[in-house]
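In: Generate a structure from the sequence data that follows.
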Amino acid sequence: MTLLNMTNATAMNHPDSSIFGSLPIPDVYAALVPKFAQFHQDPANIAAHMITTPLGFVAAVCIFNRLTNTAGIGAMIASFYVLALIPVVSPAVFYGTAITTAIIILAAARLKLSVIMSLVLLIISYFLQDLAHYLTGEATFQSTYSAGGHVDFANLELWASMFYEHVYFLLPLCVEVALPTVVKTATPALPAIFLGLYQHMMLLVPLSIAVLGNYGIDSDAGFFPFSFVQQRVVQCTVGARALNQLALIRDWVTNQNPTRKTTSHWWYSTLPAEPKAAFDNVASCEAIMSMFHAKFTADQYYVDVVKGMNEIYISAPNAKGTSDEVFYTEHVDGPIGLYPFCSVYRCIVGMDANRAYATHFPMAGFDKAVGTGNVLGFDFHREPHFLSRTETAIDPSLPQALGGDGRRVVLKIHYSVYPRGFALLGYGLHVLSVLYNTCFRALFLATIKPPETFLEVMSGQVVVQFTRLVNTFQRVIGFQNALYLAVLAVVASPMVLNEYAVFLVGTSFIHYLRYITTYYHRTGVSFEAFKRDVLLFKTLSIGQLGYLYLQHFDFAAPDVLSVSMIAVGYTLSILATKALGIDRTYFGVELGFCEPKWITDFPYGVVPHPMIVSQILALGGFLKLAAFRAVVPWLVPCHIGLYLCHMLQEHFDVHQGGRVNLGSMFSMGGVTEQVLRKKVQ
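Out: Model (predicted):
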């Protein structure tokens, strides 16, 4: 006999019927609350439920995460569930359920329990819940089901419906009985924005997924615009077996007697059996798979070869006016930069001792001349890059087959990389990339020779200019940022929430959080992406401050002190930026991209932390204006608070793997100044 059945004698009589489906969902919950509360009145039982119930859900989420091989899907479903509760539960219960749900999702993602361990935890939590009822002498709510809580095979549909009601609302029901009445009555109504979120949930959920999925595209990435961003170029060197296969392919290419005037291409599908088999062996070699799984963990991501894009490629000198010019122009290969969770990678695999041609990755901050067996992988749709050729680097003493002919022969191997729970999305990007590559390949080949007619000139320029346009957009704004801003604008617009504050909050503080996360993590940062993002969001932030300030500024009776504080603050900031340079301003030294340099130009040496102090002075000027302060009293204090947090982080050099240096309390410039003084001395 189970503990559940032992308490049935004290159970109150309830009709064996389900109310789900017969009433609106808010009424279903309202009907369940008093029934559930009758079986959960003892404080000890309630306290036990607030432990055992979340534990049970942690176990269930761990199982779900294992089955989908990602924590992302569970988090999305949980968010959808919490939003669905907005019209159902009271404000206090909503907040309590949202917080508890977030803790459950984070705990499950952190614990990563196996299915067996999750089942054990689920059973233990269920047993402890029954034990709590038994020890407190309260019957279980499940005992009111048909057949006294047992699985009622005679009325299985009814029993299952009652069980579903119980489980679906279990978390808010537990929060409901746990919260004191005074808290529930004292909690103010949910802001109107929450109801707006609920009303437009069917639009907001897919848009949010798209935004989160475009930021969270590898194991190192966060899901938000303020998350630390590492560079995404990967590289390795293949082993002896793959080198033999590369030599076989290189010999086959040499025998084709390729032209030296333009690039040459042999598509994978057109290769004879022997070089095609060698190509397959290289594409699936252990070194390349291990390279990907260092960035995309094997238990979370699949890596599939995209054969429809693969080719053997020979570089050629820059031929102005032809489509070959695009290789020497900074560019992004593909236009599908807005695709959630998934990536298509192009890997360049060297087949000779190339020294003449180097591939440059401005956003990642490094260059590489791909030689024999070297593999260089980058996101086909997101990573800007370009090729350069140095004639003097050619080594004519080498045999032609090893690069003495000054040519660079490489394999271009492509891989679709996607989370294990998103196979359909991964396949979708696979298909779209092949389709784009096939179409663009036809246009590229049609314009590969020097143009002779007006149509040929225009076609070549279409290839080059479209490539430049896509690259410029990625370098200046970024595909992910553009999507985030567009979605935020839609949400804030009259079509959805009609609340400008949503856009204001969503864009005003991103750069501070990005400063803090990047300064803390440091390793492998994509420096150009970091600078692009913080400059973009800082510009938006200051622009909105200026707009709101001018909108409420009284030009007839100007606040001279307010204007002076803003002018002096931003003048100091500009002087500090000029003294440091852009790279050093944005942690170039701390991130390892600049050599340490002792700065003596004003305002350094006079004003401590002049960059931050000057910004706070300017922000104080905005706050000084009474009309501005009356409209957005919270805006400037939030700015200043985040600036101060980052200033303390810089002063004490708080970063991953570092120690807080209390000695910097007595130095105007903090730890950075102490380090630089030692170098100068």
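In: how many neighbours does the residue lying closest to Val61 once chain neighbours are set aside have?
Out: Spatially, and ignoring its direct neighbours in sequence, Val61 is nearest to Ala108 (3.8 Å; CB to CB, 6 or more residues apart in numbering). Yep, even glycine has a C-beta here, placed from its N, CA and C like the rest. For Ala108, the count of nearby residues is 25 (other CB atoms under 10 Å).
In: how much space is there between Ala108 and Tyr357?
Out: Per CB to CB, to the nearest Å, Ala108 is found 48 Å from Tyr357.
In: where do the strands sit along this structure?
Out: 234-237, 264-267, 301-305, 311-314, 343-350, 357-361, 366-368, 374-379, 386-389, 409-419 (DSSP state E).
In: Please work out which of these is packed deepest.
Out: Comparing those by mean neighbour count (mean count of other CB atoms under 10 Å), strand 343-350 comes out on top with a mean of 26.
In: Just the C-alpha atoms of it, please, in CSV.
Out: This file holds the C-alpha atoms of strand 343-350, laid out as CSV (Å, rounded to 0.1, in the frame of the first residue of the first chain):
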residue,chain,number,x,y,z
SER,A,343,25.5,27.7,-39.3
VAL,A,344,27.1,26.6,-42.6
TYR,A,345,30.9,26.6,-42.3
ARG,A,346,33.3,26.8,-45.3
CYS,A,347,36.6,25.0,-44.6
ILE,A,348,39.7,25.8,-46.7
VAL,A,349,42.0,22.9,-46.8
GLY,A,350,45.5,23.6,-48.2
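In: how far does it sit from the chain's center?
Out: 21 Å (CA atoms, centre = their mean, to the nearest Å).
In: Okay, angle between it and strand 409-419 too, please.
Out: 160 degrees (axes from the mean of the first three to the mean of the last three CA atoms, to 10 degrees).
In: partners of strand 343-350, with directions?
Out: strand 374-379 (antiparallel), strand 409-419 (antiparallel) (DSSP bridges).
In: which one of the ones you listed lies closest to Tyr549?
Out: Nearest to Tyr549 among the strands paired with strand 343-350 is strand 374-379; the distance by CB to CB comes to 39.9 Å.
In: and the closest one with strand 357-361, angle?
Out: Going by the same axes, to 10 degrees, strand 374-379 makes 30 degrees with strand 357-361.
In: Now do Ala358 against Arg66, distance only.
Out: In terms of CB to CB, Ala358 sits 44 Å off from Arg66.
In: what do you get for Leu113?
Out: 8 Å.
In: Likewise for Phe602?
Out: 59 Å.
In: So between these two, which is more surrounded?
Out: Arg66 (19 against 14).
In: from what I can see Val306 touches Tyr436, true?
Out: No: look at Val306 against Tyr436 with CB atoms under 8 Å: they stay out of range, at 11.5 Å.
In: Which one of these two is surrounded by more residues?
Out: Val306 (22 against 18).
In: remind me which residues of this protein are low pLDDT?
Out: Applying pLDDT under 70 to the chain flags the ranges 1-24, 69, 146-152, 261, 316-326, 391-406, 442-461, 463, 658-681.
In: between the strands paired with strand 343-350, which gets nearest to Glu650?
Out: Of all the strands paired with strand 343-350, strand 374-379 comes closest under CB to CB, at 31.5 Å.
In: Which positions in stretch 252-270 come out as buried?
Out: Neighbour counts using 16 or more other CB atoms under 10 Å place 252-254, 258, 262-268 of stretch 252-270 among the buried residues.
In: Looking at the residues you listed, which is nearest Thr136?
Out: Nearest member of these to Thr136, counting by CB to CB, is Tyr268, at 69.0 Å.
In: Can you tell me how far the nearest residue in space to the closest one that is not next to it in sequence is from Thr467?
Out: Among residues not flanking Tyr268 along the chain, Asn310 sits closest, at 3.8 Å (CB to CB, 6+ apart). In this view, Asn310 and Thr467 are 21 Å apart by CB to CB.
In: neighbour-wise, which of those two wins?
Out: Asn310 (25 against 21).
In: Contacts for stretch 201-218, please.
Out: 72, 76, 79-80, 83-84, 197, 221-225, 227, 232, 295-296, 301, 338-343, 417, 479-480, 483-484, 487, 490-491, 496 (CB atoms under 8 Å, 6 or more residues apart in numbering).
In: Could you tell me which of these count as buried?
Out: For the contacts of stretch 201-218, buried by 16+ other CB under 10 Å: 72, 76, 79, 83, 197, 221, 223, 225, 227, 232, 295-296, 301, 338-343, 417, 479-480, 483-484, 487, 490-491, 496.
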